[in-house]
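**Q** mind looking at a prediction? Sequence and model below.
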Amino acid sequence: MNKIIFNGNLGKDSELTMAKNTGKAILKFSVAVAKGYKKEDGTNWFNCVMFGDRAEKLAQYLTKGTKVIIEGSVQLGNYEKDGVKHYTTDVFVNNVEMLGGNKEQAENTNNNEVTPIECSDDSIPF
């Protein structure tokens, strides 16, 4: 099974192109996913690719900062340029769920604050 699910924010506006041989839409975008809950932990970047009518329709909504949940499969590839072999890792997207807002809006609100609650073993239902 080859399946990946993650959430994050688009790093830049999506790029829509049309395949030369089929005329089908190809949508490319990158998603930043925090490695941990601290800013110091860093960020992982996932290169995402969508195809077809859905890709064409979603292009206008997938803009820099948009929060998304991505479900897809990992595709490894390689190409040679100037005699040097390069390796690629892409996520072929099956499903996109937009979470609303963008990174700038999130930074202006306190939605990321966590309120601690007290909990004892007796209050856990399992």
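**A** Great, that's in hand.
**Q** count the neighbours of K67 for me.
**A** By other C-beta atoms under 10 Å, the residues close to K67 number 18. For every residue, glycine as well, the C-beta is placed using N, CA and C.
**Q** if it is in a bridge, with which residues?
**A** N9 (DSSP bridges).
**Q** what does the pLDDT read for it?
**A** What the model reports as pLDDT for K67 is 96.
**Q** with K35 instead?
**A** 84.
**Q** please renumber the chain so that the first residue is 37 from this point on.
**A** That works, and once the first residue is 37, the last one we named lands at K71.
**Q** ok, and the closest non-adjacent residue to Y123?
**A** In space, and not counting its chain neighbours, Y123 is closest to N114: 4.9 Å by C-beta to C-beta, 6 or more residues apart in numbering.
**Q** how about the one you found, what does it touch?
**A** Counting by C-beta atoms under 8 Å, 6 or more residues apart in numbering, N114 touches 121-124.
**Q** mind listing what's buried along the top helix by length along the chain?
**A** In the chain, with assignment by DSSP state H, the single longest helix is helix 88-94. By 16 or more other C-beta atoms under 10 Å, the buried positions in helix 88-94 come out as 91-92, 94.
**Q** what lies in contact with it?
**A** 50, 52, 60-63, 86, 132.
**Q** let's see 7 Å
**A** 52, 60-63, 86, 132 (C-beta atoms under 7 Å, 6 or more residues apart in numbering).
**Q** quick one: distance of that helix to the chain centre.
**A** Between the centre of helix 88-94 and the centre of its chain there are 16 Å (C-alpha atoms, centre = their mean, to the nearest Å).
**Q** run through the bridge partners of the spatially closest residue to G47 that is not a sequence neighbour.
**A** Once flanking residues are discounted, G47 sits nearest to S66: 4.5 Å by C-beta to C-beta, 6+ apart. Counting by DSSP bridges, S66 forms beta bridges with N83.
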